[in-house]
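Asks: here you go, sequence then predicted model.
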Amino acid sequence: MANFPSNIPFHLFASCIPVKGANRSAIYDLQRNQFEYIPNPLYDILTRFKNITFIDLLDFFPFKNDQRVLLEYFEFLKNNEFIFFSKLNSAQFPKYSISHERPYNISCLILDIENFHETKFEAIKRQILKAKVEFIIFRFISPTTSINIKNVLTFFNNIPTRIFQLFIENKNFTENLDFENLINLNERVSVIVKYNCEKELVQDLEKATLIHTKRDIVNNKMNINNIADFNVNMNLFIESQLYNSFYNKRVYIDSEGFIYRHEGDIMDFGNIINVELTNILENVEFKKYWHITKDEISVCKDCEYRYMCVDSSLPMSKTNNLWKLDRECNYNPYNSEWKSAYPTEDN
Ligand code: SF4
């Protein structure tokens, strides 16, 4: 006996989107920012059948055992509020449009800082205002003081960039920093990350989050270690289908002012003191990785996580229209297993 209206056509909520992987699929719930795994046969049912009742669907599955499994699938979908029931045609329920128009030319600017250097910072600020930047990561890469951090935050207080993050290496603290006080200097600081710490810890401050991590997030590339590294949200879901979720509109400026496509890039594109960032953003070579989606990358194209994953592996070469990354992922979408050797949050 079904615990849902089995004689009324079922529909997926527009914010619940099935994504197929090689071995299993997932339903992304873009309203609640979470996901659930589903088996691939259920993905096929959800994407193939429209405007049909559960009772009529059973006709396609004559074996009793299949019908029993189908009932379990639908109870799961109903209990998780992925589906609803209506006699209206599914065409009447609006779908999300896949467009990623943003008022920014740079989505993420990473700025390495050794000392407060007014001439260089004046040039950077002028160029940030011209280029329009959504999000800035200030990385204090050498021993720093609260005066240094305060100077930087105060200096960049009057730009329209919406989000700031601070990355500070644990050993680079030369004094006890009052984080609450620092955040009050610039209310757009949403996250402070202390890296190379002895343990993992997340602290909620009044207006931001303070993360202690054991990872060396500056000198090692951000790779995917476990499902905690994924992020289900509408912007990322849409961006991942159109662009590379890590490299798109990313700019890295080192502590001497040289401009790169990303951290660890081997080619610089001039110095912020004497070249225009807006001109560099038009350079085809600078934008080389922006449009390489996970659907065009070998292995990732078969992964159910591909629209929630911001892995930083670099697309290196292309064969048969598929890019190959510079390293193997910790996750294997063909057997849904993580490599046993990868470091977890607990070790
Ligand atoms: S296979 Fe690709 S999409 Fe999947 S987790 Fe690894 S990097 Fe992300």
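Replies: That came through, no problem. Numbers count the residues shown, from 1 in each chain.
Asks: flag every buried residue along the helix or strand hosting Tyr73.
Replies: Following DSSP states H and E, the helix or strand that holds Tyr73 is helix 64-79. Of the residues in helix 64-79, those buried under the neighbour-count criterion (16 or more other CB atoms under 10 Å) are Leu70, Leu71, Tyr73, Phe74, Leu77, Lys78. All C-beta atoms are positioned from the backbone trio N, CA, C, and that covers glycine.
Asks: how near is Ser312 to Ile110?
Replies: Spatial separation of Ser312 from Ile110 under the definition CB to CB, to the nearest Å is 11 Å.
Asks: rewinding a little: which among the buried residues of helix 64-79 gets closest to Asn148?
Replies: Leu77 (53.6 Å; CB to CB).
Asks: okay, that closest one: pLDDT?
Replies: Among the per-residue scores, Leu77 shows a pLDDT of 97.
Asks: who is the nearest residue to it once chain neighbours are set aside paired with across the strands?
Replies: Computed as CB to CB, 6 or more residues apart in numbering, the closest residue to Leu77 that is not its neighbour in sequence is Ile83, at 4.5 Å. Here Ile83 sits in beta bridges with Leu12, going by DSSP bridges.
Asks: local confidence estimate at Ile83?
Replies: Per-residue confidence (pLDDT) for Ile83: 97.
Asks: go on, Thr278?
Replies: Reading off the confidence values, Thr278 has pLDDT 96.
Asks: other SSEs contacting the helix or strand harbouring it?
Replies: Following DSSP H and E, the helix or strand that holds Thr278 is helix 277-280. In terms of contacts (3 or more CB pairs under 8 Å, 6 or more residues apart in numbering; DSSP states H and E), helix 277-280 is packed against helix 118-131.
Asks: okay, buried residues for the helix it packs on please.
Replies: Neighbour-count burial for helix 118-131 flags Lys120, Phe121, Ala123, Ile124, Gln127, Ile128, Ala131 (criterion: 16+ other CB under 10 Å).
Asks: dump these to JSON lines, plus pLDDT and distance to the ligand.
Replies: Formatted as JSON lines, the entries for the buried residues of helix 118-131 read as follows, by pLDDT from 0 to 100; distance: CB to the nearest ligand atom, whole Å:
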{"residue": "Lys120", "pLDDT": "86", "distance to the ligand": "35"}
{"residue": "Phe121", "pLDDT": "91", "distance to the ligand": "35"}
{"residue": "Ala123", "pLDDT": "91", "distance to the ligand": "36"}
{"residue": "Ile124", "pLDDT": "93", "distance to the ligand": "32"}
{"residue": "Gln127", "pLDDT": "94", "distance to the ligand": "32"}
{"residue": "Ile128", "pLDDT": "94", "distance to the ligand": "30"}
{"residue": "Ala131", "pLDDT": "94", "distance to the ligand": "29"}
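Asks: quick one: the residue most central in space within the chain from Asn274, how far?
Replies: To find the centre residue of the chain, average its C-alpha atoms and take the closest one (CA atoms, centre = their mean): that gives Val310, at 4.2 Å. Noted for Val310: a distance of 32 Å to Asn274, by CB to CB.
Asks: check which helix or strand Thr154 maps to.
Replies: Assessed by DSSP H and E, Thr154 sits inside helix 146-155.
Asks: oh, I was asking about Asp56
Replies: Secondary structure from DSSP H and E places Asp56 in helix 54-58.
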